[in-house]
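Student: the sequence isn't on hand, but the structure is:
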């Protein structure tokens, strides 16, 4: 009987650090998450699950614990921007911080500009794989927009782009809009609407809004590139082709350190289109034309060719397939 009691208490004893972290993570969610009532309910469930030992499976491996908890929170709260990571050294060199690792890989990824191509019919193709911080990415973007500037139509490929900085997404989106246009996306936090962002300064050639634009997305298009695709589609500026995107609209604040070396990212605000009144959270950006990855570029080329053939007198923004 005594041995059984000792065995029963072992998971609790072995998970002291994790349970302290869980309590702090629950507090952070309840305090910071963009939807207060959803935050309160999720935090309470997390406390109950911690108390019952339901989350004790990885107490001997802090990185596995972080990954399992990330999956658990994203499933429970239906928000793929939530994350937990084990980063005990991120406040120093950043060696264990996934964000620092991602930024360090920028040169090998062309600072997010993977490919620029001129296709038959004077159709340009631009593939962006990441939205790095603007100061890191603007030279590559400037070169890319210079190369596509003289095209008659453009395919903007955002497939497998997992996101990045909204401060980069904004100028990319505005590159396809007219100067002085209404604000395309607004934001709100748990306390209400935020101030409208100012129109960004475009530090490269603006493509403008008159030439036809096709945007490619797939399930791995997440966050910042979804913002560009959703907003330009809502404005009637672009046709979206591919498969529904990942559906991660809510926007992260700074990572919050908790005891034990873990860190949690909590969405603190969310964007919405003034034209639709909503966003792409969970639903993703829904394409105007469905196409799998193997046919998406060909589908976009066909659509653009039809636009250019039938509208040689001037592309009328807002046309649909």
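Tutor: Yep, that arrived. The structure presented is a predicted model; accordingly, all values stated were derived computationally and were not measured.
Student: I figured residue 124 hits residue 148, correct?
Tutor: Yes: using C-beta atoms under 8 Å, residue 124 is in contact with residue 148, at 3.8 Å. Backbone N, C-alpha and C define where each C-beta goes, glycine included.
Student: tell me, what's touching these two both at once?
Tutor: Common neighbours of residue 124 and residue 148, using C-beta atoms under 8 Å, 6 or more residues apart in numbering, are 116, 154.
Student: look up how far residue 115 lies from residue 296.
Tutor: Going from residue 296 to residue 115 by C-beta to C-beta, to the nearest Å gives 14 Å.
Student: who has more neighbours out of these two?
Tutor: Shown here are residue 296 and residue 115; by other C-beta atoms under 10 Å, residue 296 has more neighbours (23 against 12).
Student: what pLDDT is listed against the spatially most central residue of the chain?
Tutor: Residue closest to the mean C-alpha point of the chain, counted by C-alpha atoms, centre = their mean, is residue 223 at 1.6 Å. We have a pLDDT of 94 for residue 223.
Student: how about residue 311?
Tutor: pLDDT, residue 311: 76.
Student: ok, residue 12 next?
Tutor: Per-residue confidence for residue 12 comes out at a pLDDT of 48.
Student: same thing with residue 253?
Tutor: For residue 253, the pLDDT comes out at 85.
Student: now it. Nearest residue, chain neighbours left out?
Tutor: residue 268 (3.8 Å; C-beta to C-beta, 6 or more residues apart in numbering).
Student: state the distance from that neighbour to residue 114.
Tutor: Separation of residue 268 from residue 114 (C-beta to C-beta): 30 Å.
Student: if we can go back for a sec, need the overlap of contacts for residue 296 and residue 115.
Tutor: Here residue 296 and residue 115 share the contacting residues residue 157, scored by C-beta under 8 Å, 6+ apart.
Student: where do the helices sit along the stretch 101-250 of the chain?
Tutor: Remark: helices assigned in the stretch 101-250 of the chain by DSSP state H, counting those that start in this stretch are 134-148, 166-174, 224-234.
Student: end to end on stretch 256-271, go ahead and measure it.
Tutor: Distance between the two ends of stretch 256-271: 21 Å, counting by C-alpha to C-alpha, to the nearest Å.
Student: check which residues of that stretch are buried.
Tutor: 256-258, 260-271 (16 or more other C-beta atoms under 10 Å).
Student: stretch 133-147 now?
Tutor: Buried residues in stretch 133-147, counted by 16+ other C-beta under 10 Å: 134, 136-138, 140-141, 144-145, 147.
Student: can I get these in JSON lines with pLDDT?
Tutor: Shown next, in JSON lines, are those (pLDDT from 0 to 100):
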{"residue": "134", "pLDDT": "96"}
{"residue": "136", "pLDDT": "96"}
{"residue": "137", "pLDDT": "97"}
{"residue": "138", "pLDDT": "96"}
{"residue": "140", "pLDDT": "97"}
{"residue": "141", "pLDDT": "98"}
{"residue": "144", "pLDDT": "98"}
{"residue": "145", "pLDDT": "98"}
{"residue": "147", "pLDDT": "98"}
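Student: out of the residues you listed, which is nearest to residue 238?
Tutor: residue 145 (15.7 Å; C-beta to C-beta).
Student: the residue nearest to that closest one when sequence neighbours are not counted: how many residues sit nearby?
Tutor: On the basis of C-beta to C-beta, 6+ apart, the spatially nearest residue to residue 145 that is not a chain neighbour turns out to be residue 204, at 4.3 Å. Neighbour count of residue 204, defined by other C-beta under 10 Å: 18.
Student: residue 184 versus residue 172, what's the distance?
Tutor: Residue 172 sits at a distance of 12 Å from residue 184 (criterion: C-beta to C-beta).
Student: neighbour-wise, which of those two wins?
Tutor: Counted by other C-beta under 10 Å, residue 172 and residue 184 do not tie: residue 172 has more neighbours, with 28 against 23.
Student: could you check the pLDDT of the more buried one?
Tutor: For residue 172, pLDDT reads 98.
Student: show the contacting residues for it.
Tutor: Taking C-beta under 8 Å, 6+ apart, one finds 128, 131, 141, 228 in contact with residue 172.
Student: from those, pick the one nearest residue 196.
Tutor: Nearest to residue 196 among these, with distances taken as C-beta to C-beta, is residue 228, at 17.4 Å.
Student: pretty sure the residue nearest to residue 145 sits against residue 141.
Tutor: Yes: with contacts counted by C-beta under 8 Å, residue 204 reaches residue 141, the gap being 5.7 Å.
Student: on that earlier part again, possible to save the contacts of residue 172 as TSV with distance to residue 57?
Tutor: Shown next, in TSV, are the contacts of residue 172 (distance: C-beta to C-beta, whole Å):
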residue	distance to residue 57
128	38
131	35
141	44
228	39
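Student: how about the residues you listed, which pair is most distant?
Tutor: Longest span within the contacts of residue 172, C-beta to C-beta: 141 and 228, 12.5 Å.
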